[in-house]
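Novice: next come a sequence and a model predicted from it.
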Amino acid sequence: MSRMTSQLSEKQLFWIVFAVLLAVLPQVHRLPIWFLPMTVAVVSYRFYAQIYQLKQTYNRILTVLAIAAMIMIIYSQGIGLSREISVTILITMTVLKLLETYTMRDALLVVMLCYFVTMTRFLYSQDLLLVFYLFGSAFVTTHALSVLNFEKTKRWFDTSQLRATAGSLALAVPFAALFFLVFPRLGAPIWGSPDIFGEGKTGISDTMSPGSIIELFMDDSPAFRATFKDHKTPPKNQLYWRGPVLWNFDGTTWSRKKHNRTRTRIQQYSERETYQYQIELESTGQKYMFGLDYVVNSPSGAFLLPDSILYSPQKINQLRHYELESLLLDRFYQPLDESDKLLLLDYPANQNQQTRRMMHSWQQETKKPLEIINRALTWFNQDEFYYSYSPPPLSGDVIDQFIFESKRGFCEHYASSFTIMMRMAGIPARVVTGYQGGINNGEYLLVKQSDAHAWSEVYITDGDKPGYWLRVDPTSMVAPERVERGSRQIMDEKRNIIDYDWIRNFKESMDRYRYRWNQWVRDFNVSKQQALFEVLGIDHRNGKTLAMMMAGILLITGLLSLIPIWWLNRKRYHTLQRIYLELVAKVRKNSQLYSLKNQGVETFVTQMKITYPEAKTQLNHFLDTYLAARYSNNANERKQTIAHLRQTLLKIKQIIKH
Amino acid sequence: MILKSFKRKLNQFINRRGKESLPVTFDWRRIYVLPSKPGLFFAIIWFLMMMAGLNFNNNMSLMLVFLLFGLAQVLLYRTFFNLRNLRLEMVTAQPVFLGEDIHLKVTVGSNDPKWQICATTGKTETIENIPDQTTQLTLPSPSIHRGWQTTPRLKFFTRYPIGLFTVWAYCIPDAKALVYPRPEVPCPDFPDHGGADGQQTIAVKGDELSSIRDYRQGDPIRDIAWKKSAQSNQTWVKEFNQVRGKNLLFDLTQMDHDSLEFKLSRMTAWVLQAEKQQAEYQLVLPGFDSGMSSGQTHQYHCLQALALYQPGTSS
Amino acid sequence: MTQHASTTAQPNKNSDAQIINKVIETIGHKILDKSEAIEIVVATLIAGGHVLLEDLPGLGKTTLAMSIAQVFGMDYKRIQLTSDMMPSDVLGVSIYDPTSQTFSYHKGPVFTQFLLADELNRATPKTQSALLEAMAENQVSMDGKTYLLDDAFFVMATQNPIDEAGTYNLPQSQLDRFLVSLSLGYPATDSERQLYSQSYMQAFKKPLPALTTPKQLRNWQQYSQTIHAAEEVLDFLQLLIKKTRTHSEILHGLSPRAGLSLFRLSQSLAMLAGRDFMTPADVKKAFYPVCRHRLVAKDNRPAKDIIKSIVHDTEII
């Protein structure tokens, strides 16, 4: 037990601190602002204490520090038992524990906690790149344990010990992979739900205020991936991914309408017209799901709201997969309530008078909605409108200012202005946000945050005929290439200093691995596991079979990791030793001679000359060459010598056989 | 009660091989494996991690969890292989006096390198690496009684490389250590038996000047008595002699005390003292007579006789 | 280029080995059937060490010594050690000359090239240590002055192995000063028969021709120190030494000095084999004579069988 209370060496402390820092740092951005300075202070003090051999700080001081940290956590993150706070407490206490880590017992505790801290990172994100973190942290933590247990040398980075740790981890990988696939998973959480974890809201939100979309243009991270069935992909200008539909406008900000109904499925359509696809939605922290206009029916676990938005009851904090079927309709027939109609004709009455006057004049000239729409679009097209990511800031009567003065903007401005213009002209209209386009990334279509877009939808009624929704994208009038080729293609200036094409291309090709990763690892769940079991012909509902299988897997993986260890522990010979053993193998049948093999090449060959006098000259030659090659000072022409030795060996073999 | 009988049975099982003649190779049949205390803590943390991972079906957490499980298994093998085929080659010990610790010299060997091999008698432990072939480690073990003392059960264990598992093996080597009686402190005066011959002078070259004689060819220059030579025409050479000390006789039967152990203890002290003074001495026990002599070997014979003396064996 | 260089170096190396082997062969004419022992003695000579011969009388110790001295063309002296011998009888004395009132140093028999010290264990420890000190330091210190011995000074001491009265066994520390110890043993039956033949008797009487010179010997001694030892060979050598230290039946293992002796003897054995590098076989060959007098088993027996088993059990592949 003296081992447990023994003091730590500097090397051991270094590895402990290394393990703790590596485990903690990838979470720093989520932690309170004071966390990083605290960590630096703790680590510096601990090293200072080690070098100057200061005694352990009084427990009372440590208690005070711990309480202070708790108060700070409550102050920064609020009170409560949310997981967010639990994780913060765990991490903070792990770092503070370093102040107390003077003996082996505490050191082991801290280092093993690092495994847990590493795991908490994955509750927030399971990105492909975190694999490096997983293995890196596991490696350093395990090596810290190894160094705590035994220091082979005083060197801080002892290659042989590092290699041993890496070897152990590498041997554990096949085991981990098998277990990952077959270890029975839970269908639903026993307690709590994964929703609680999330990195905050990302992607398109359910409001649109000036500048809200521009942030997304800067972001190249994936929004979702769509895999079309049979590679039947719609043309690019038809790729309108519908997100939140915005009804209300208060002069600056657009917002949603709350619904208490759902939309029914589209009834009449032919199979051939539909596109079937699967969407892999990255976590957004929100409840919207995206689909190609217009979705036939809601997928399982989601609602279809009357304005054709897919809506999930839970926040999407994990990767979410769903199957969809869409019809690329020109006109979407749907009855519209009078109350809804009024809502869609509403606009701030005392603003944007200039636009209002112009729309009234247009309304005087024609009653036909389509003509007014065309006129508006033509106006956008032919007047001096420009597509720009850095428009001048607007305030007050934003529509007036945009249409008559600045004439510079992007989808947000055009969609917003066009919608209000239509409403002023008495045509019900709303703004639809979502994504437009996508990059064909091999087997799937990658839609990035920078593909965010906004467009308009107008409701056309023509006499007694049923009314229908018509999608109008005013941006395409100004910058058709935005729709044809994607948002990035029409930007001239770089968005940030590392915004180079090759980096974007690299990111896009990286996304392919990420897609695989998502498919095989991140989204592996009960149903995929059951599918796997079915393929393997295992009855996954039978507990007994499962238990048997687990035992079998344990055995197999056990053997799997045993074999390499055996292999590593085997005796290793260098080339010249192997040549000698080849010679020995030639006389395997002569047991008396064979038993001399451990006596060295000279004794063996001497005896062999007596047994096979006919090969004497060759054996003599072999021995001389061999000894010179193995022991002499100038054994430089190794390759040639070895080839020569092998030849001699061959001759000896022939002579012996006869 | 049940626990006690279980413990006894367990010990019987462990000691089933009895005393073994060396060398002994620890093969898998005699190796025991259990998680160590840090290993148990690791298991607890691992279990919590697994529950969290399964509950949220968090696949990366589960990857880490299963990686650690695989790691634990690999480490189990590594630790096991680190002890397997360890050879206990030899256990020896120098004789000690009762009350001192016996320093067991334990020689262990192996054909492949082994690290962090701990040997313990239950009270003290020593850690050694065996980078190649053989290594000797020293284990202190208390001396309990006079005479031959058998070696206690030795336990060899290792936690290398990470310390999650303890792998160990037992062996009771067939080796013994000689324990001399405890010498009485302070050493009492020698017995006044009159000795064998009293004092004796031997012509051995020593420090005391005894006489002066004529120079003979080959005498070393430094022995020449320069003063006297200068006074006469002759060259004189000094001769030196040394008193070789007393002859002592220690006889157990002539000692007047009730306790045998006390008598043996006193005689031990005398033997040591006599040897220290380079005197010749003789030890007489019922059934043993050392003869008059001195020197390391003589001392060893005497001390061994004292250590092994049993009152019944007087013939 | 390398080819050329090696061909020029080759004949020198080989001719040395040839001469030495000729020497061994020539001595073998007189000492029948003992070529291995002769080889070890010659190797020791080249390694700059001294030999301890442990044999019964009449087994050819003197003949061997004479033959070697003759073949190498060395000065030869022989002292028969007895219990009444003083150190001065070996080392020489400073004699006081009363007429000139000065001391003059008269060199003892130790001032020679080849010294045969017969029955070393008969001399008193004092005389023994005087001789052995002179051997170890290659010089004699007498009355504050130092007299250097010959560069090629070589001692062959003999010992009667049978414990007789009036002998003083050399302590371990003194035995260590001999590089090797040997025993010629009885000749084989055939060779013994040959001893009685006319031709042998005639050859025996004739002194052997000097095949080489002490100067040449010194060259060889210097050259043998340059013999290369690969890491692998050194590992093997160290392993053998370590085994003597941890062997359960050996009292004390080889000292570092003994290890050095083993190394030196292996070097000169490699040279005798015509190589400029050592092999494990050289070490194996050198191990027994180097250990023979140094290792003692626990119960004071000589450790011959143990030494042989160590060599045999140490695997080299």
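Specialist: Everything's here; your move.

Novice: pLDDT of the host helix or strand of residue A:135, averaged?
Specialist: Taking DSSP states H and E as the definition, residue A:135 sits inside helix A:130-149. What helix A:130-149 shows for mean pLDDT is 94.

Novice: mind exporting it as CSV, just the C-alpha atoms?
Specialist: Provided in CSV are the C-alpha atoms of helix A:130-149 (Å, rounded to 0.1, in the frame of the first residue of the first chain):
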residue,chain,number,x,y,z
LEU,A,130,-13.6,14.1,-32.7
VAL,A,131,-12.3,10.6,-33.5
PHE,A,132,-8.8,12.0,-33.2
TYR,A,133,-9.7,13.5,-29.9
LEU,A,134,-11.1,10.1,-28.8
PHE,A,135,-8.0,8.2,-29.6
GLY,A,136,-5.6,11.0,-28.6
SER,A,137,-7.2,11.4,-25.2
ALA,A,138,-7.5,7.7,-24.6
PHE,A,139,-3.9,7.3,-25.6
VAL,A,140,-2.5,10.0,-23.4
THR,A,141,-4.7,9.0,-20.4
THR,A,142,-3.7,5.4,-20.7
HIS,A,143,-0.1,6.4,-21.1
ALA,A,144,-0.4,8.5,-18.0
LEU,A,145,-1.6,5.5,-16.1
SER,A,146,1.3,3.5,-17.5
VAL,A,147,3.8,6.1,-16.4
LEU,A,148,2.1,6.2,-13.0
ASN,A,149,2.5,2.5,-12.7
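
Novice: buried stuff in that helix?
Specialist: Residues of helix A:130-149 classed as buried by neighbour count (16 or more other Cβ atoms under 10 Å in any protein chain shown): A:130, A:133-135, A:137-149. In this view, the C-beta of every residue, glycine as well, is placed from N, C-alpha and C.

Novice: and that helix, how far out from the chain middle?
Specialist: Its chain's C-alpha centre and that of helix A:130-149 lie 21 Å apart, by Cα atoms, centre = their mean, to the nearest Å.

Novice: would you map the helices across the stretch 451-600 of chain A?
Specialist: Along the stretch 451-600 of chain A, counting by DSSP state H, counting those that start in this stretch, helices occupy A:474-478, A:480-485, A:501-517, A:526-536, A:543-569, A:575-586, A:591-594.

Novice: any idea how far chain B is from residue A:465?
Specialist: For residue A:465, the distance to chain B equals 50 Å [Cβ to the nearest Cβ, to the nearest Å].

Novice: what about that residue, how many residues close to it?
Specialist: Number of residues near residue A:465 (other Cβ atoms under 10 Å in any protein chain shown) recorded here: 9.

Novice: what parts of the stretch 51-200 of chain A come near chain C?
Specialist: Residues of the stretch 51-200 of chain A lying near chain C by Cβ under 8 Å from any Cβ of the partner chain: none.

Novice: quick one: low-confidence ranges for the stretch 51-200 of chain A?
Specialist: Residues of the stretch 51-200 of chain A that meet the criterion pLDDT under 70 lie in A:80-81, A:192-200.

Novice: can you tell me the element residue C:254 falls in?
Specialist: If you go by DSSP H and E, residue C:254 is not part of any helix or strand.

Novice: likewise the one 4 residues further on?
Specialist: In this assignment (DSSP H and E), residue C:258 forms part of helix C:256-272.
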